[in-house]
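Asker: Pasting the sequence and the predicted model now:
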Amino acid sequence: MIIKRQSTRDIREYLQIVLNRFPDNREIYDKITKLLKDLRLARLRSTYNDVISKVSQLFKEHKDLLLGFNKFLPPGYKITFPKDQTQRRKPEFRDAAEFINKVKERLQDEHAYKSLLEIFRMYRENKKSLTEVHHEVLYVLRDHQDLRVDFAAFLPARYRED
């Protein structure tokens, strides 16, 4: 696949925007620099998709940076957004497993982690309502706002804190 090479000026301008957006987080700048290099050296479709996935995760809250990255992608590749931004992808089993593993890594208290698993077990066995699960999980994750947000992805819209 022949890729139109972007000018050094385009890359520098984009990186400057990233640097200005995250002045206290050099790690983001370093990651996007590496991803641009990976993209430039990419020869396989899976590499392009991997770079797109990583950029999308890195800038998930910065639509303008995501759209700006499109100019560096080869023909046939583009970061897009659903027409309806409220449309959400239904979580899959893999998402739930990743969430549980993330919680296990983050919770320092083994009792809290086991409590969380017990809450989910009781819900699965119809011994707890979704409202009860929602309140109890939010309490267990009270000091971890990011995990609370991740948990909300598994809930109907009325339970989300958006």
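Answerer: Received it, and whenever you're ready, just let me know what you need.
Asker: what's the pLDDT at residue 41?
Answerer: For residue 41, the pLDDT comes out at 78.
Asker: hang on, residue 123 packs against residue 134?
Answerer: No. Using C-beta atoms under 8 Å, residue 123 is not in contact with residue 134; the gap is 9.8 Å. All C-beta spots, glycine's among them, are computed from the backbone N, C-alpha and C.
Asker: Those two: who's more crowded?
Answerer: Per other C-beta atoms under 10 Å, whichever of residue 123 and residue 134 has more neighbours is residue 134, with 21 against 17.
Asker: any idea how far that one is from residue 122?
Answerer: According to C-beta to C-beta, to the nearest Å, residue 134 and residue 122 sit 13 Å apart.
Asker: buried residues in whichever helix or strand residue 12 is part of?
Answerer: Residue 12 is part of helix 8-21 when elements are defined by DSSP states H and E. Neighbour-count burial for helix 8-21 flags 11, 14, 18 (criterion: 16 or more other C-beta atoms under 10 Å).
Asker: Which strands or helices does that helix pack on?
Answerer: In terms of contacts (3 or more C-beta pairs under 8 Å, 6 or more residues apart in numbering; DSSP states H and E), helix 8-21 is packed against helix 26-41, helix 63-69.
Asker: Let me know which of those helices is tucked in deepest.
Answerer: Among the helices and strands packed on helix 8-21, ranked by average contacts under mean count of other C-beta atoms under 10 Å, first place goes to helix 63-69 (a mean of 16).
Asker: Could you check how far the helix or strand just after it is from the centre of its chain?
Answerer: Next in sequence after helix 63-69, counting helices and strands by DSSP H and E, comes helix 93-106. Relative to the centre of its chain, helix 93-106 is centred 13 Å away, using C-alpha atoms, centre = their mean, to the nearest Å.
Asker: ok, the buried residues of helix 8-21 vs residue 154, which is closest?
Answerer: Using C-beta to C-beta, residue 18 comes nearest to residue 154 of these, at 31.4 Å.
Asker: average pLDDT for the helix holding residue 12?
Answerer: Per-residue scores along helix 8-21 average to 90.
Asker: Equivalent analysis for stretch 101-119, please.
Answerer: Average pLDDT, stretch 101-119: 88.
Asker: from now on call the first residue 25
Answerer: All right, first residue 25 from here; so that's stretch 125-143.
Asker: For it, buried residues please.
Answerer: Neighbour count says stretch 125-143 has 127, 131, 136, 137, 139, 140, 143 buried, by 16+ other C-beta under 10 Å.
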